[in-house]
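In: Sequence unavailable; structure follows:
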């Protein structure tokens, strides 16, 4: 059972605003509500790569038990260009997952490692504490599969948490409860679908 859309089938687009009758621009998902959920894959940008395909997103959201509620007011999930220091972001009606660094392996701070090490351990990311003239850091040895797992299980659900925060506030204009709400939302939903995820996505 797919259980994907609150309005109908998914739509995959190429990220461009299309012309109608050669002159008129058709509405895009930032400016107009969409009849169907758009999953858009944009160019990753220099030095970055996408580890996700649109079909990965479609398959993953089918695993979410409360997708019907979660997707209310959601117009698009965008595989966006890479941006230094940014895993993903949210704007009203649209969540974004940023492209991964082309080399896959990441160096990160001890603070960031300590706040996510349980997630990375669960999906099987070897991490090694190192140091240089600037002090200690952690080298995380990602693969295509583990990076994909992290982006789906944590980054996408985190940004969906911001979306859910916004649509469940009284004004429905902003995600008032901020990062703590989105992080708790991501962890809850990552845990809910972990067993299902391992049956549908490889980790090694």
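Out: Alright, I've got the coordinates. Since this is a predicted model, take the numbers as computed values, not measurements. Numbers count the residues shown, from 1 in each chain.
In: Identify each buried residue in the stretch of helix or strand residue 120 belongs to, please.
Out: Secondary-structure element containing residue 120, defined by DSSP states H and E: helix 110-123. By neighbour count with 16 or more other C-beta atoms under 10 Å, helix 110-123 contains the buried residues 113, 116, 119-120, 122-123. To be clear about C-beta, it is placed using only N, CA and C from the backbone, and glycine gets the same treatment.
In: same deal with stretch 182-195?
Out: 182-183, 185-187, 189-190, 193.
In: Now do it: everything it contacts.
Out: 60, 63-65, 119, 122, 153-155, 157-162, 164-165, 175 (C-beta atoms under 8 Å, 6 or more residues apart in numbering).
In: which regions of this structure sit below the pLDDT cut-off?
Out: The chain contains residues with pLDDT under 70 at 1-27, 170-177.
In: how does it divide up, domain by domain?
Out: 11-104+142-200, 105-141 (automatic domain parsing).
In: and the last one, how far from the chain's centre?
Out: So the one you mean is domain 105-141. Chain-centre distance of domain 105-141: 20 Å, with C-alpha atoms, centre = their mean, to the nearest Å.
In: circling back to that earlier point, any chance of the buried residues of stretch 182-195 in JSON lines, plus distance to residue 39 and secondary structure?
Out: Output for those, formatted as JSON lines (distance: C-beta to C-beta, whole Å; DSSP: H, G, I helix; E, B strand; the rest coil):
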{"residue": "182", "distance to residue 39": "20", "secondary structure": "helix"}
{"residue": "183", "distance to residue 39": "24", "secondary structure": "helix"}
{"residue": "185", "distance to residue 39": "20", "secondary structure": "helix"}
{"residue": "186", "distance to residue 39": "19", "secondary structure": "helix"}
{"residue": "187", "distance to residue 39": "24", "secondary structure": "helix"}
{"residue": "189", "distance to residue 39": "18", "secondary structure": "helix"}
{"residue": "190", "distance to residue 39": "20", "secondary structure": "helix"}
{"residue": "193", "distance to residue 39": "18", "secondary structure": "helix"}
